[in-house]
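> Have a look at this fold, sequence not included:
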Ligand SMILES: [Zn+2]
Ligand SMILES: [Zn+2]
């Protein structure tokens with residue numbers, strides 16, 4: 001068995017977040033903006049060339065990219081992601097088959113679970129332990145969701161918990177609006193680099209660093225596999241009415257875009273709509289609908305109140321598919337030491353026994 005991994009280095013509660021905030025270096029945003037403006041920028045063609053190379057190797061030209069930190073959308077850089085959306089429109093030409101839909105739903109489920117149970121609860125919060133081999137497999141599956149590498153994801157998410165809805169938060173609807181919190185923030189130049197200092201516990205694993213650097217490999221592998229699956233099925237069982245391109249569009253493109261936007265709602269909608277069972281000192285909300293879509297991530301107010309636990313649905317009726325999956329994996333010995341939600345944390349709710357449905361008035 002490979003070595004176990006260290007405990008959660010991320011903030012675990014509102015009080016921890018406050019400590020982190022207090023310890024953050026006090027550099028005024030005006031000073032930072034002035035320093036940005038004074039830095040020399042690469043020319044247009046140079047920037048474009050570096051961008052295309054970064055589609056493959058995210059470390060390409062990092063020093064120059066560091067000089068162009070701006071909170072504006074880097075359109076050339078996100079062309080592959082936009083291309084995925086355009087590819088979904090080709091469904092008109094590739095047609096429909098039940099087997100393609102089934103693969104799309106299956107890959108949605110597997111990858112949504114990978115994002116919530118692995119990228120979020122494991123890599124970002126270290127809410128349980130696993131072996132080094134399983135850790136790498138978790139990273140590969142999560143990476144196939146086209147939400148960049150595990151270290152990039154964890155670093156930005158830890159930053160979000162440290163400054164939730166405060167000015168430094170990179171995807172706060174309160175600070176930058178709903179659309180920016182949904183998909184503007186990760187499309188901007190300023191948020192492409194990975195802050196390796198905040199994920200040192202992960203950066204010590206060369207295999208994770210490799211995945212993080214070449215974060216396009218797993219998506220290409222999955223897309224190619226979908227294409228050949230469709231080709232093979234068509235050759236062996238033509239009555240299924242599928243094809244390579246049809247499986248690529250349904251299994252990879254449509255499924256990936258659905259996983260992506262469902263995930264993004266956690267950053268956008270659950271900081272705006274829903275109920276606040278806990279006084280988490282930010283705008284996070286609980287939403288049953290988003291919890292169902294994202295396998296438990298919709299209990300976002302619970303999570304911001306206490307982020308250390310493997311479970312985000314604190315009450316029996318708060319459906320948390322990712323936790324159920326992790327519980328099964330723990331029984332199989334794949335993961336272990338799932339961090340529980342302490343009873344006193346659950347009891348800190350504004351109402352001691354909130355009902356699953358209906359009005360829940362806030363404390364004055
Ligand atoms: Zn949040
Ligand atoms: Zn979190």
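Right, received. Where do you want to start? Because the structure is predicted, anything quoted here is derived from the model rather than measured. Numbers count the residues shown, from 1 in each chain. Ligands and ions are numbered 1, 2, ... in the order given.
> neighbours around residue 215, how many?
When neighbours are defined as other CB atoms under 10 Å, residue 215 has 23 of them. Where you see a C-beta, it was placed from the backbone N, CA and C, and this is true even at glycine.
> where exactly do the helices run in the stretch 201-350 of the chain?
With DSSP state H, counting those that start in this stretch, the ranges of helices along the stretch 201-350 of the chain come out as 206-213, 217-236, 244-247, 255-267, 288-293, 300-305, 321-331, 343-346.
> Which elements pack onto the longest one?
Right, helix 217-236. Using 3 or more CB pairs under 8 Å, 6 or more residues apart in numbering; DSSP states H and E as the contact test, the elements touching helix 217-236 are helix 98-113, helix 132-143, helix 244-247.
> Which among the ones you listed is found nearest to residue 293?
Residue 293 lies closest to helix 98-113 among those, at 8.2 Å (CB to CB).
> where does residue 313 fall, phi/psi-wise?
Dihedral pair for residue 313: phi -80, psi 100, per degrees, to the nearest 10.
> Let me see the contact set for it.
The contact partners of residue 313, by CB atoms under 8 Å, 6 or more residues apart in numbering, come to 291, 296, 299, 302, 319, 320, 323.
> again, 6 Å this time
Residue 313 makes contact with 296, 299, 320 under the criterion CB atoms under 6 Å, 6 or more residues apart in numbering.
> So it versus residue 116, what's the distance?
Applying CB to CB, to the nearest Å, the value for residue 313 to residue 116 is 12 Å.
> With residue 339 instead?
Distance, residue 339 to residue 116, using CB to CB: 15 Å.
> quick one: which of those two has more around it?
Using other CB under 10 Å, the more surrounded residue of residue 339 and residue 116 is residue 116, with 26 against 20.
> Find the nearest non-adjacent residue to that one, please.
residue 322 (4.3 Å; CB to CB, 6 or more residues apart in numbering).
> got it, and residue 105?
residue 255 (7.6 Å).
> Quick check: the gap between that neighbour and residue 136.
Distance, residue 255 to residue 136, using CB to CB: 23 Å.
> what does residue 229 give?
Counting by CB to CB, the gap from residue 229 to residue 136 is 24 Å.
> Ok, residue 99 next?
To residue 136, residue 99 is 30 Å away according to CB to CB.
> count of neighbours near residue 205?
When neighbours are counted by other CB under 10 Å, residue 205 registers 18.
> check contacts around the residue nearest to residue 116.
Listed by CB under 6 Å, 6+ apart, the contact partners of residue 322 are 113, 116, 117, 295, 296.
> One more: residue 74?
Going by CB under 6 Å, 6+ apart, residue 74 touches residue 189.
> what about 7 Å?
For residue 74, the contact set (CB atoms under 7 Å, 6 or more residues apart in numbering) comprises 187, 188, 189, 192.
> What of residue 114?
For residue 114, the contact set (CB under 7 Å, 6+ apart) comprises 138, 141, 142, 145.
> Could you say which helix or strand holds the last one?
Going back to what we said before, that points to residue 145. Under DSSP states H and E, no helix or strand contains residue 145.
> I figured it was touching residue 115, is that so?
Yes - the criterion here is CB atoms under 7 Å, and residue 145 meets it with residue 115 at 5.4 Å.
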